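S.K.: This is the structure alone, sequence omitted:
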């Protein structure tokens, strides 16, 4: 009857993940005031930094800042993955935090700069302002819907793996393998049902933007449907995959070759 232990384990994974998803959805619904009849939320003018944070979090803010300064020729981003300061005077606290992340020598690898800049006090204050305005998800709010959805997906995969293991091990002669498979089908169906409901009810899943913040981002995309978004706006909303210039893209995706003995 070892397969019963595997079945209990499958139910534990599924139950924990589905309950977590339900709690995350309830928490998001409780903090969401709903669409503003007066259009105040949808008319909120996001800055480039705010749009970047709500779309991709702190590191997206660092990426947009690096690209903005590079476009103004106040920072040089080499295709080899190095950032060099040209103008050491930042125009706002986010730019100053990026310059500080590059270091006193004025040159650094881009990858660590992105990481250090994303954890500066300036970016943290930006996040706090968005949380206070109801557009961002607070850190202390518990697991986000996106994280809960990923856990349900992992639970579904775990159930399938446990089902295969249960069908491969020897079972009692009076137990049908078809019956064992049907028992595992129950938690697997539950996890898929939760994913389907989440897909229709609470999609898109964002670890950064609250439901109100997602509506503001949607309003930003719909505001001028006939206009192409600017380069920096596209990066703020879509990330570095929106970079069309080969050298700039190489600057962010460059990886050092491994050292050989």
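M.R.: Everything's here; your move. From a predicted model like this one, the values you see are computed outputs, not experimental measurements. Numbers count the residues shown, from 1 in each chain.
S.K.: what's the distance between the residue lying closest to residue 86 once chain neighbours are set aside and residue 148?
M.R.: Closest residue in space to residue 86, ignoring its immediate chain neighbours: residue 74 at 5.2 Å, by CB to CB, 6 or more residues apart in numbering. Yep, even glycine has a C-beta here, placed from its N, CA and C like the rest. From residue 74 across to residue 148, the span is 41 Å (CB to CB, to the nearest Å).
S.K.: Between these two, which has more neighbouring residues?
M.R.: Relative neighbour count places residue 148 above the other of residue 74 and residue 148, with 26 against 17, counting by other CB atoms under 10 Å.
S.K.: mind listing what residue 75 touches?
M.R.: 66, 69, 83-87, 98 (CB atoms under 8 Å, 6 or more residues apart in numbering).
S.K.: Report pLDDT for it.
M.R.: Looking at residue 75, its pLDDT reads 93.
S.K.: Tell me what it is bridged to.
M.R.: residue 85 (DSSP bridges).
S.K.: mind checking how far it is from residue 66?
M.R.: Taking CB to CB, one finds residue 75 at 7 Å from residue 66.
S.K.: what is in contact with those two at once?
M.R.: 83, 98.
S.K.: and residue 242, backbone torsions?
M.R.: phi -80, psi -10 (degrees, to the nearest 10).
S.K.: do you know how far it is from residue 235?
M.R.: 5 Å.
S.K.: same thing with residue 152?
M.R.: 31 Å.
S.K.: what does residue 24 give?
M.R.: Counting by CB to CB - residue 24 and residue 235 are separated by 29 Å.
S.K.: and the two? which has more neighbours close in?
M.R.: For residue 24 versus residue 235, neighbours defined as other CB under 10 Å are more numerous around residue 235 (27 against 23).
S.K.: which one of the contacts of residue 75 is nearest residue 220?
M.R.: Checking those against residue 220 by CB to CB gives residue 66 as the nearest, at 21.5 Å.
S.K.: pLDDT of the helix or strand containing the closest one, averaged?
M.R.: Assigned by DSSP states H and E, residue 66 belongs to helix 58-71. If you average the pLDDT over helix 58-71, you get 93.
S.K.: Same check on stretch 84-101?
M.R.: 93.
S.K.: just to revisit the earlier point, need phi/psi at the residue nearest to residue 86.
M.R.: Taking degrees, to the nearest 10 as the convention, residue 74 sits at phi -100, psi 0.
S.K.: Can you show me the strands along this structure?
M.R.: 75-77, 82-85, 107-109 (DSSP state E).
S.K.: Can you tell me the closest non-neighbouring residue to residue 154?
M.R.: Excluding the flanking residues, the one nearest residue 154 by CB to CB, 6+ apart is residue 17, at 7.2 Å.
S.K.: ok now do the spatially most central residue of the chain, which residues does it touch?
M.R.: Centroid check for the chain by CA atoms, centre = their mean gives residue 207 as the closest residue, at 5.0 Å. Shown in contact with residue 207 (CB under 8 Å, 6+ apart): 57, 137, 144, 146-147.
S.K.: Which one (most neighbours) among those residues?
M.R.: Within those, most neighbours by other CB under 10 Å means residue 137, with 24 neighbours.
S.K.: For that one, give its distance to residue 63.
M.R.: Taking CB to CB, one finds residue 137 at 20 Å from residue 63.
S.K.: now do residue 133
M.R.: For residue 133, the distance to residue 63 - CB to CB - is 22 Å.
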